[in-house]
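Participant: take this sequence and fold it.
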Amino acid sequence: MTEKKKKADGEAIAYDLNPYAVDYFANNQAGLTQDTHLGTEGGLSYLTLRALARIPIISAIIQTRVNQIAEFARPQADRHSAGFTVRLRDQSVEVEDKHRDQIKTLTQWLLTCGDPSVAGLTTFEMFLRAITRDSLMFDQCCFEVIFDDDLPVAFKAVDASTIRKAAPSKEELKQGRRDPESVAYLQVIESKIVANFEAREMSFGVRRPRTDLNANGYGYPELEEIAPTVVDMMRAKAYNSANFTHGLHLSGILAVKSKMSPALFRAFRREFYAMLQGPSGAKKTPIIQLDPESKEEVSSVNLSNSNSEMEYSQWMNFLIKEICSLYQMDPSELGYLFGAEGQSSALTQKGPSERIQFSKEKGLRPLLRALESWINRWIITPIAPHLELVFVGLDVESEQSRIDSVSKRVKAYMTVNEARAMFDLEPLENPAADMLLDASYMNAAAMNAAEEEPQEDDNEEGPSLVELLSMPSPEDDELEIDDES
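Facilitator: Alright, predicted model coming up:
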C-alpha cells in the first residue's frame with residue numbers, strides 16, 4: 001500500500017502526475033520524446049493531426065478562425081473597429097500621464113514582437129496567426145519569451161509539435177507534481193532534444209484542459225475527437241469520386257442489331273469508346289451485338305444503387321454540420337447554408353448574419369479570451385504587472401446601429417442632452433433638450449406646467465357702480481381739450 005502523503009500548511013497533496021508511470025518515464029530519460037500528442041499511447045501523433053488539418057473542410061474552419069483573429073492584431077483605431085488595447089489591470093485606478101506613456105510604449109513593443117534584433121521581422125499579426133493555427137490543430141500554443149536581466153526583450157512563435165513537457169524526476173514523481181524551479185519543457189526534433197526551457201520561458205497554452213493524469217497536462221485537440229467523422233467524410237468523397245473515374249455507365253446498354261463480322265464489331269466498339277468514354281475510363285457504356293433474325297433482346301438490370309438513393313448529399317451535409325459543431329462554428333461562416341434561409345415569417349428562423357454573430361460568440365470569443373490570457377501571463381505581466389492586453393471590438397455596434405439605439409433611448413428613458421453626452425457633444429440650452437422625446441410624456445409635461453402657472457385672482461373686487469358712473473367718458477376728454485384750445 002502506498003504511504004499516505006503528509007500535508008503541510010498551505011500545501012496541496014493531490015497528484016498532478018501518475019506515480020505509476022515510472023517505467024514509461026524511465027524509457028524517455030530526457031523527456032517525452034515520442035511523437036504521440038499525449039506522450040502516451042492514447043493520443044494521435046502530431047504528424048497525423050497535421051495531416052487531418054489539411055482536409056479541405058478542416059482547413060477552411062482553421063483558416064476562417066485565423067483570419068478572424070488577425071483582425072485583432074492592431075491597436076483599436078476607434079470604438080467601432082476590432083483590435084487590441086493595453087489598459088490598467090485595475091479599472092478603478094485613474095489613468096495618469098505616466099500610465100499613458102507606458103501603454104503607448106508597450107503597444108509599440110508588441111507590434112514588433114519585442115526587440116526586432118531578437119524577434120526578427122515577425123509582426124504581431126504573424127505571431128497571432130501562427131499560434132492560433134497551432135492551437136486549433138494540436139490544442140497546444142507555444143511561444144518562447146526571451147529574457148534579459150529578468151525582463152522579456154522579445155517573443156516569437158514556436159512549432160508546437162516540437163515542444164514536449166519534460167519528464168519528471170524521481171522526486172517529482174514521489175511528490176506527484178512538478179517542481180516549478182526545474183526544467184519544464186523541451187524542444188524535440190527527430191527524437192533529439194535540441195533545447196530546454198524554464199516555465200517562464202515557454203508558453204504552453206491549452207484551451208481544453210483535462211484532469212486525466214495519463215494526459216500529462218496536454219490538451220484535447222478537436223481533431224482527435226473529430227477524427228472518425230473526418231474519416232467518414234473522406235470515404236464518402238472517395239465513393240463519389242470513384243463514380244466518375246471507374247465502372248460502367250449503368251444508365252443503359254447499347255444494343256446493335258447487325259450481322260457484321262466479329263472483327264468489324266470490335267472495330268466499331270473501339271471507335272465508339274474512343275469517342276464517348278469518360279476520363280480515366282469512366283462512364284463506360286456496355287455494347288453488345290444482337291442477331292436481328294434470332295429476335296434477341298436485352299433486358300435492363302440495375303447493378304448498383306445511385307448516389308441519390310444512398311442519400312449522399314444528406315450524409316455529406318450531416319458530416320459538415322458535425323465537424324463544424326465540434327469546432328463551435330456555424331456552417332454559414334464557411335458559406336454552407338442549410339434549410340430555408342431568409343424566411344423572416346418563421347419565429348425561430350434566423351438569417352445568416354444573426355447565425356454568424358452567434359457563431360462568433362460561441363467559438364471566436366473563447367479563442368480570443370484564451371490568447372489574451374496566455375499573452376498576459378507570459379509576456380505582459382513580467383514587464384508591467386499593472387497592465388493587461390485586451391482584445392476589443394468583437395461585440396461593438398456600428399455607428400448607424402448606435403444612432404438607432406440612441407434614438408430609441410431618447411424616446412424611452414434618456415434625455416437629448418444625456419444622449420449628446422454619449423457622443424461628447426455640448427448640451428443644448430433648449431428646455432426640450434432635458435425632456436424625453438415621447439409625445440405622451442411631452443403632453444403630460446405641458447399639462448403639468450400649465451397647471452402650475454399662477455392664475456389671476458377671481459375674488460379681486462372691481463370698481464363699484466358709483467365709481468364707474470363718475471369716470472369721465474372719452475367724449476368729455478375731447479371737449480375739455482377743445483375748450484382749452
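Participant: where in the stretch 201-350 of the chain is pLDDT low?
Facilitator: Counting by pLDDT under 70, the stretch 201-350 of the chain contains low-confidence ranges at 243-258, 273-310, 339-350.
Participant: which stretches of it form strands?
Facilitator: Residue ranges of the strands in the stretch 201-350 of the chain, as given by DSSP state E, counting those that start in this stretch, are 254-257, 287-290.
Participant: excluding residues flanking it in the chain, which one is nearest Ile379?
Facilitator: With sequence-adjacent residues excluded and distances taken as CB to CB, 6 or more residues apart in numbering, Ile379 is closest to Phe155, at 5.6 Å. Glycine gets a C-beta too; all of them are placed from N, C-alpha and C.
Participant: could you list every helix and strand in contact with the strand or helix carrying that neighbour?
Facilitator: Assigned by DSSP states H and E, Phe155 belongs to strand 151-157. If you count contacts as 3 or more CB pairs under 8 Å, 6 or more residues apart in numbering; DSSP states H and E, strand 151-157 packs onto helix 116-119, helix 124-138, strand 143-148, helix 381-383.
Participant: I'd assumed Ala119 was in contact with the residue nearest to Ile379.
Facilitator: Yes: look at Phe155 against Ala119 with CB atoms under 8 Å: they come within range, at 6.8 Å.
Participant: number of residues surrounding Ser59?
Facilitator: As a burial measure, Ser59 scores 12 neighbours (other CB atoms under 10 Å).
Participant: do the one 5 residues further on as well
Facilitator: When neighbours are defined as other CB under 10 Å, Thr64 has 18 of them.
Participant: apart from its chain neighbours, what residue comes closest to it?
Facilitator: Glu333 (5.8 Å).
Participant: list the buried residues of the strand holding Phe155.
Facilitator: Neighbour counts over strand 151-157 (16 or more other CB atoms under 10 Å) mark 152-157 as buried.
Participant: pLDDT at the residue nearest the centre of the chain, what is it?
Facilitator: In the chain, the residue lying closest to the centroid (CA atoms, centre = their mean) is Leu364, at 1.7 Å. pLDDT recorded at Leu364 is 92.
Participant: ok, Lys4 next?
Facilitator: Looking at Lys4, its pLDDT stands at 58.
Participant: these two touch, right, Val230 and Ile55?
Facilitator: Yes: Val230 lies in contact with Ile55 (CB under 8 Å); the separation is 5.7 Å.
Participant: average pLDDT for stretch 105-125, rounded please.
Facilitator: Stretch 105-125 comes out at a mean pLDDT of 93.
Participant: now do that stretch: distance from first to last residue.
Facilitator: Its start and end residues considered, stretch 105-125 measures 18 Å (CA to CA, to the nearest Å).
Participant: quick one: that stretch to chain centroid distance?
Facilitator: 24 Å (CA atoms, centre = their mean, to the nearest Å).
Participant: next one: stretch 175-188
Facilitator: How far stretch 175-188 lies from its chain's middle: 32 Å, per CA atoms, centre = their mean.
Participant: ok, and what's touching that stretch?
Facilitator: 5, 12-17, 19, 30-33, 142, 158, 162-166, 168-169, 171-172, 193-199, 202, 204 (CB atoms under 8 Å, 6 or more residues apart in numbering).
Participant: same question for stretch 99-115.
Facilitator: With contact meaning CB under 8 Å, 6+ apart, stretch 99-115 is reached by 74-75, 84, 86-88, 119, 122-124, 127, 146, 152-156, 379-380, 383-384, 387, 389.
Participant: can I assume Phe84 sits in a strand?
Facilitator: Yes: assignment of Phe84 by DSSP: H, G, I helix; E, B strand; the rest coil places it within a strand.
Participant: bridging residues for it?
Facilitator: Pro75, Phe391 (DSSP bridges).
Participant: next up, the contacts around it.
Facilitator: Listed by CB under 8 Å, 6+ apart, the contact set of Phe84 reads 72-76, 110, 389-392.
Participant: could you do Glu361 as well?
Facilitator: Asp395.
Participant: just say helix, strand or coil for it.
Facilitator: The three-state label given to Glu361 by three-state DSSP is helix.
Participant: and the pLDDT for it?
Facilitator: For Glu361, the pLDDT comes out at 85.
Participant: what's the offset of stretch 47-55 from the middle of its chain?
Facilitator: With CA atoms, centre = their mean, you get 21 Å for stretch 47-55.
Participant: cool, and stretch 314-330?
Facilitator: Centre-to-centre, stretch 314-330 and its host chain are 16 Å apart (CA atoms, centre = their mean).
Participant: and for it, what's in contact with it?
Facilitator: In contact with stretch 314-330 (CB under 8 Å, 6+ apart) are residues 57-58, 61, 64-65, 136, 222, 225-226, 229-230, 232-233, 236, 331, 333-334, 336, 338, 355-356, 358-359, 362-363, 366.
Participant: buried residues, that stretch. List them.
Facilitator: Going by neighbour count (16+ other CB under 10 Å), the buried part of stretch 314-330 is 316, 318-320, 323-324, 327-330.
Participant: which pair of these spans the longest distance?
Facilitator: Farthest apart among those by CB to CB are Met316 and Gln328. That separation is 20.7 Å.
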